[in-house]
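Chemist: test case, fold it:
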Amino acid sequence: MSTIYCPSCGTPNEAKGARVTCVACAVTFEVSQGLSPGKPSGDVPPALTPDKPEVRPAVLSAVASPGARQAPVRPLAQGASGASTNPLAITSLVFGVLCCIPLVSPAVALGCGIAALKQINAATPEQPGKPLAIAGIVLGGIQLVLNLLGLIGALAAPHPH
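Modeler: Below you'll find the predicted structure:
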(Lines give C-alpha, C1' and ligand atoms only; values in the text may rest on other atoms or scores of the structure.)
Protein backbone atom coordinates (compact mmCIF):
# COMPACT_ATOMS: atom_id res chain seq x y z
CA MET A 1 0.00 0.00 0.00
CA SER A 2 1.11 3.52 -0.72
CA THR A 3 0.36 6.90 0.70
CA ILE A 4 -1.54 9.19 -1.65
CA TYR A 5 -2.41 12.80 -0.93
CA CYS A 6 -5.96 14.12 -1.33
CA PRO A 7 -6.23 16.56 -4.27
CA SER A 8 -8.73 18.65 -2.34
CA CYS A 9 -7.16 19.09 1.11
CA GLY A 10 -3.71 17.45 0.86
CA THR A 11 -4.31 14.90 3.64
CA PRO A 12 -2.29 11.67 3.28
CA ASN A 13 -4.44 8.57 2.68
CA GLU A 14 -3.59 4.91 2.19
CA ALA A 15 -4.14 3.85 -1.44
CA LYS A 16 -5.92 0.51 -1.06
CA GLY A 17 -7.48 0.35 -4.51
CA ALA A 18 -8.32 2.34 -7.63
CA ARG A 19 -10.53 4.76 -5.67
CA VAL A 20 -9.68 6.45 -2.41
CA THR A 21 -11.97 8.43 -0.08
CA CYS A 22 -10.11 11.07 1.91
CA VAL A 23 -10.24 10.50 5.66
CA ALA A 24 -10.32 14.26 6.34
CA CYS A 25 -12.69 15.81 3.77
CA ALA A 26 -14.49 12.73 2.35
CA VAL A 27 -13.63 13.59 -1.28
CA THR A 28 -13.42 10.48 -3.46
CA PHE A 29 -10.66 10.46 -6.05
CA GLU A 30 -9.18 7.93 -8.44
CA VAL A 31 -5.63 6.60 -8.26
CA SER A 32 -4.08 5.87 -11.66
CA GLN A 33 -2.09 2.70 -12.35
CA GLY A 34 1.34 4.42 -12.09
CA LEU A 35 1.91 3.52 -8.41
CA SER A 36 4.82 1.33 -7.41
CA PRO A 37 3.41 -1.25 -4.98
CA GLY A 38 4.80 -1.07 -1.48
CA LYS A 39 6.57 2.27 -1.97
CA PRO A 40 5.19 5.08 0.12
CA SER A 41 5.34 8.48 -1.50
CA GLY A 42 7.04 10.03 1.52
CA ASP A 43 6.18 12.83 3.90
CA VAL A 44 4.94 16.25 2.97
CA PRO A 45 7.54 18.90 3.80
CA PRO A 46 6.39 21.32 6.55
CA ALA A 47 6.21 24.20 4.07
CA LEU A 48 3.56 22.32 2.07
CA THR A 49 1.11 21.35 4.76
CA PRO A 50 -2.57 20.85 3.92
CA ASP A 51 -3.50 24.08 5.71
CA LYS A 52 -2.07 25.97 2.78
CA PRO A 53 -4.99 25.87 0.29
CA GLU A 54 -2.95 27.44 -2.47
CA VAL A 55 -0.77 24.31 -2.71
CA ARG A 56 -2.03 21.92 -5.37
CA PRO A 57 -1.69 18.11 -5.19
CA ALA A 58 0.68 18.11 -8.19
CA VAL A 59 3.07 20.26 -6.17
CA LEU A 60 2.67 17.98 -3.16
CA SER A 61 3.52 14.91 -5.22
CA ALA A 62 6.45 16.58 -6.97
CA VAL A 63 8.24 17.41 -3.72
CA ALA A 64 7.01 14.53 -1.57
CA SER A 65 10.10 12.36 -1.74
CA PRO A 66 12.97 12.51 -4.24
CA GLY A 67 13.01 8.82 -5.22
CA ALA A 68 9.38 7.83 -4.71
CA ARG A 69 6.75 7.89 -7.40
CA GLN A 70 3.46 9.57 -6.58
CA ALA A 71 0.40 8.37 -8.47
CA PRO A 72 -1.48 11.12 -10.31
CA VAL A 73 -4.97 11.74 -9.00
CA ARG A 74 -8.20 12.87 -10.59
CA PRO A 75 -10.95 14.31 -8.41
CA LEU A 76 -14.29 12.53 -8.84
CA ALA A 77 -16.28 14.71 -6.48
CA GLN A 78 -16.02 18.15 -4.99
CA GLY A 79 -16.35 18.49 -1.24
CA ALA A 80 -19.10 20.59 0.22
CA SER A 81 -16.81 23.60 0.27
CA GLY A 82 -15.94 23.32 -3.43
CA ALA A 83 -19.38 22.98 -4.96
CA SER A 84 -21.47 26.05 -5.64
CA THR A 85 -25.11 26.32 -4.64
CA ASN A 86 -27.62 25.97 -7.45
CA PRO A 87 -28.48 29.51 -8.65
CA LEU A 88 -32.11 28.59 -9.38
CA ALA A 89 -32.51 27.45 -5.77
CA ILE A 90 -31.26 30.83 -4.56
CA THR A 91 -33.60 32.63 -6.99
CA SER A 92 -36.51 30.50 -5.79
CA LEU A 93 -35.84 31.38 -2.16
CA VAL A 94 -35.46 35.10 -2.92
CA PHE A 95 -38.75 35.23 -4.83
CA GLY A 96 -40.40 33.08 -2.15
CA VAL A 97 -39.47 35.66 0.48
CA LEU A 98 -40.25 38.60 -1.82
CA CYS A 99 -44.01 39.08 -1.58
CA CYS A 100 -44.44 42.61 -2.94
CA ILE A 101 -45.21 41.43 -6.49
CA PRO A 102 -48.58 39.61 -6.25
CA LEU A 103 -48.94 36.46 -8.41
CA VAL A 104 -45.59 37.04 -10.18
CA SER A 105 -43.35 36.38 -7.19
CA PRO A 106 -44.98 33.04 -6.21
CA ALA A 107 -44.96 31.83 -9.81
CA VAL A 108 -41.25 32.57 -10.18
CA ALA A 109 -40.51 30.96 -6.78
CA LEU A 110 -42.41 27.80 -7.71
CA GLY A 111 -40.98 27.56 -11.24
CA CYS A 112 -37.37 28.17 -10.21
CA GLY A 113 -37.70 25.86 -7.20
CA ILE A 114 -39.01 22.95 -9.26
CA ALA A 115 -36.35 23.50 -11.95
CA ALA A 116 -33.64 23.71 -9.26
CA LEU A 117 -34.76 20.42 -7.68
CA LYS A 118 -34.60 18.71 -11.09
CA GLN A 119 -31.09 20.06 -11.70
CA ILE A 120 -29.90 19.17 -8.19
CA ASN A 121 -31.23 15.62 -8.38
CA ALA A 122 -29.69 15.13 -11.84
CA ALA A 123 -26.25 16.41 -10.78
CA THR A 124 -23.58 13.86 -9.84
CA PRO A 125 -22.57 14.38 -7.08
CA GLU A 126 -25.63 16.14 -5.76
CA GLN A 127 -25.28 19.92 -5.96
CA PRO A 128 -25.94 21.96 -2.80
CA GLY A 129 -29.14 24.00 -2.61
CA LYS A 130 -31.91 21.43 -2.15
CA PRO A 131 -33.16 22.99 1.14
CA LEU A 132 -33.20 26.44 -0.49
CA ALA A 133 -35.24 25.15 -3.44
CA ILE A 134 -37.72 23.40 -1.13
CA ALA A 135 -38.07 26.55 1.01
CA GLY A 136 -38.67 28.63 -2.14
CA ILE A 137 -41.36 26.20 -3.31
CA VAL A 138 -43.09 26.19 0.09
CA LEU A 139 -42.99 30.00 0.43
CA GLY A 140 -44.12 30.45 -3.17
CA GLY A 141 -47.00 28.02 -2.64
CA ILE A 142 -48.13 29.78 0.54
CA GLN A 143 -47.95 33.16 -1.22
CA LEU A 144 -49.90 31.87 -4.20
CA VAL A 145 -52.68 30.48 -1.98
CA LEU A 146 -52.88 33.73 0.01
CA ASN A 147 -52.92 35.82 -3.18
CA LEU A 148 -55.69 33.68 -4.69
CA LEU A 149 -57.75 33.84 -1.46
CA GLY A 150 -57.33 37.63 -1.43
CA LEU A 151 -58.42 37.84 -5.07
CA ILE A 152 -61.47 35.62 -4.45
CA GLY A 153 -62.33 37.66 -1.34
CA ALA A 154 -62.08 40.91 -3.28
CA LEU A 155 -64.30 39.61 -6.08
CA ALA A 156 -66.88 38.08 -3.70
CA ALA A 157 -67.20 41.17 -1.47
CA PRO A 158 -70.38 43.18 -2.05
CA HIS A 159 -69.72 46.41 -3.90
CA PRO A 160 -71.82 49.50 -3.08
CA HIS A 161 -73.80 50.80 -6.04
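Chemist: C-alpha only now, for contacts and for neighbours.
Modeler: OK.
Chemist: how about the secondary structure of Asn13?
Modeler: For Asn13, the secondary structure call by DSSP: H, G, I helix; E, B strand; the rest coil comes out as strand.
Chemist: what's the pLDDT at it?
Modeler: Asn13 is assigned 83 on the pLDDT scale.
Chemist: test my guess that it contacts Val23.
Modeler: Yes - in terms of Cα atoms under 8 Å, Asn13 counts as a neighbour of Val23; the distance is 6.8 Å.
Chemist: strands along the chain, start to end?
Modeler: 2-5, 12-15, 19-21, 28-31, 73-75 (DSSP state E).
Chemist: what domains does the record give for this protein?
Modeler: Using automatic domain parsing, the domain parsing of the chain gives 2-75, 87-156.
Chemist: can you tell me which of the ones you listed the model trusts least?
Modeler: Ranked by mean pLDDT, the domains of the chain bottom out at domain 2-75, which scores a mean of 60.
Chemist: just to revisit the earlier point, can you check which of the strands of the chain gets nearest to Ile134?
Modeler: Nearest of these to Ile134, taken as Cα to Cα: strand 28-31 at 27.6 Å.
Chemist: sheet partners, orientation included, of the closest one?
Modeler: strand 19-21 (antiparallel), strand 73-75 (antiparallel) (DSSP bridges).
Chemist: can you list the buried residues in the longest helix anywhere in the chain?
Modeler: In terms of residue count, the longest helix belonging to the chain (DSSP state H) is helix 130-156. Judged by neighbour count using 16 or more other Cα atoms under 10 Å, the buried positions of helix 130-156 are 130, 132-141, 143-144, 147.
Chemist: just put those in TSV and tack on distance to Pro160.
Modeler: Rendered in TSV, the data for the buried residues of helix 130-156 read as follows (distance: Cα to Cα, whole Å):
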residue	distance to Pro160
Lys130	49
Leu132	45
Ala133	44
Ile134	43
Ala135	41
Gly136	39
Ile137	38
Val138	37
Leu139	35
Gly140	34
Gly141	33
Gln143	29
Leu144	28
Asn147	23
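Chemist: which pair of these spans the longest distance?
Modeler: In terms of Cα to Cα, the buried residues of helix 130-156 reach their longest pairwise distance at Lys130 and Asn147, which sit 25.5 Å apart.
Chemist: how near is His159 to Leu148?
Modeler: As defined by Cα to Cα, to the nearest Å, His159 lies at a distance of 19 Å from Leu148.
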